[in-house]
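Visitor: would you be able to build a 3D model of this:
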Amino acid sequence: MDLIECGDARMAIDPNQGARIASLRVAGLELLVPPTASTFHWGCYPMAPWTGRVRNGRFTFGGKSYQLPITMPPHAIHGTTYNRSWQRQNGAPVFETDLGPDWPFAGRVVQAFHLAEDHLHLRMEIHSDDQCFPAAAGWHPWFNRRLSRGLPAKLHFQAASMYARDADQCITRDLVTPTPGPWDDCFTDVQQPVEIEWPSALRLRMKANVNNWVVYDELAHAFCVEPQTEPPESLNTGTRVVEPGTPLCLEAELHWQVL
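Guide: A predicted model of the protein is given here:
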């Protein structure tokens, strides 16, 4: 585990589990769900080279069809890097891994972390080694519904549109008016920063250089607010293409204020 501290902020990165943020403490308050038996349900992990579900694990690119491992039956989900081992670069809080054998194109992902007293800056890059391929990137934080003090979290979230889901719970590119929560949905034209408030404890503001955010808040103990370069299912509905020498870049910032 790699530990980083600045003032009252402390962060732990687990390079053996996707270089995910395993812990983020501010003034003694743990914001993230600790490790669980399921690799999908704790910390804050990177999603690359796709986000969310891929229907039946299949997609087509360049006239050729590809099959991905079914990691959340009947679909593939959240990319190939969330549980891979990453390597730290030259002592800095920068980590790198290749996309692995489950992805049919050669490439790598880099994550950089900068922790300050009142914020955390994140950067992710998806690189192609030798050919173009479709890609999307995102982070999947699991926030605790309650901290060790204060009241349960309140999510202040506004979006102009929400992507419709089909009978397979896969995102389509049809936009609808956002419905009342709870949600397991992707939104666009989101008002930033997104604010999470744990009354009498801490206020967190999130922003990113993207227009797509997934919110999952159906559980009693935790919830997720996920910035993504593309909505889920984008390998089949249209996504960006990474070219050699031109990586896909995602950046996000989390600013906090102790109450």
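
Visitor: list the buried residues of stretch 130-137.
Guide: Neighbour-count burial for stretch 130-137, counted by 16 or more other CB atoms under 10 Å, picks out 133-137. All C-beta spots, glycine's among them, are computed from the backbone N, C-alpha and C.

Visitor: show me these that map onto helices.
Guide: Using DSSP state H, no member of the buried residues of stretch 130-137 falls within helices.

Visitor: and of the residues you listed, the nearest to Val26?
Guide: Distances from Val26 to the buried residues of stretch 130-137, taken as CB to CB, are shortest for Ala137 (25.1 Å).

Visitor: run a quick check on the closest one versus Gly52, I expect a contact.
Guide: No - contact criterion CB atoms under 8 Å: Ala137 and Gly52 do not qualify, at 11.6 Å.

Visitor: what sits in contact with each of those two?
Guide: Gln228 (CB atoms under 8 Å, 6 or more residues apart in numbering).

Visitor: report how many residues lie close to Lys207.
Guide: Counted with other CB atoms under 10 Å, residues neighbouring Lys207 total 15.

Visitor: so who does it touch?
Guide: Contact analysis of Lys207 by CB under 8 Å, 6+ apart lists 192-194, 252-253.

Visitor: weed out the non-buried ones from these.
Guide: The neighbour count (16+ other CB under 10 Å) marks 192, 194, 252-253 as buried among those.

Visitor: if we can go back for a sec, pick the one among the buried residues of stretch 130-137 closest to Gln87.
Guide: Closest to Gln87 out of those is Ala137 (18.6 Å), distances taken as CB to CB.

Visitor: now do the closest one, the pLDDT please.
Guide: Note for Ala137: predicted pLDDT of 98.

Visitor: ditto for His156
Guide: At His156, the model reports a pLDDT of 96.

Visitor: helix/strand/coil for the closest residue to it other than its chain neighbours?
Guide: Take His156 and drop its neighbours on the chain: the residue closest to it by CB to CB, 6 or more residues apart in numbering is Glu195, 4.1 Å away. For Glu195, the assignment made with DSSP: H, G, I helix; E, B strand; the rest coil gives strand.

Visitor: how near is Glu195 to Ala153?
Guide: 10 Å (CB to CB, to the nearest Å).

Visitor: looking at those two, which has the bigger crowd around it?
Guide: Shown here are Glu195 and Ala153; by other CB under 10 Å, Ala153 has more neighbours (21 against 17).

Visitor: count residues in the vicinity of the nearest residue to that one once chain neighbours are set aside, would you?
Guide: In this structure, Ala153 finds its nearest non-sequential neighbour in Trp198, 5.1 Å apart by CB to CB, 6+ apart. Applying other CB under 10 Å, we find 23 residues neighbouring Trp198.

Visitor: now swap in Ser148 and tell me
Guide: For Ser148, the neighbour count with other CB under 10 Å is 11.

Visitor: excluding its backbone neighbours, what's nearest it?
Guide: Sequence neighbours aside, Leu29 is the residue nearest to Ser148 in space, at 6.0 Å (criterion: CB to CB, 6+ apart).

Visitor: what of Pro69?
Guide: Asp102 (5.3 Å).

Visitor: please identify the helix or strand for that neighbour.
Guide: Assigned by DSSP states H and E, Asp102 falls within no helix or strand.

Visitor: on that earlier part again, can you tell me which of the buried residues of stretch 130-137 is closest to Pro46?
Guide: Distances from Pro46 to the buried residues of stretch 130-137, taken by CB to CB, are shortest for Ala137, at 7.2 Å.

Visitor: tell me the centre residue of the chain?
Guide: For the chain, Trp139 is the residue whose C-alpha lies nearest the centre (CA atoms, centre = their mean; 1.4 Å).

Visitor: would you list every one of the strands in the stretch 101-250 of the chain?
Guide: 107-115, 119-128, 133-135, 138-144, 154-156, 159-165, 171-176, 184-190, 194-198, 202-208, 212-216, 222-228, 240-242, 248-258 (DSSP state E, counting those that start in this stretch).
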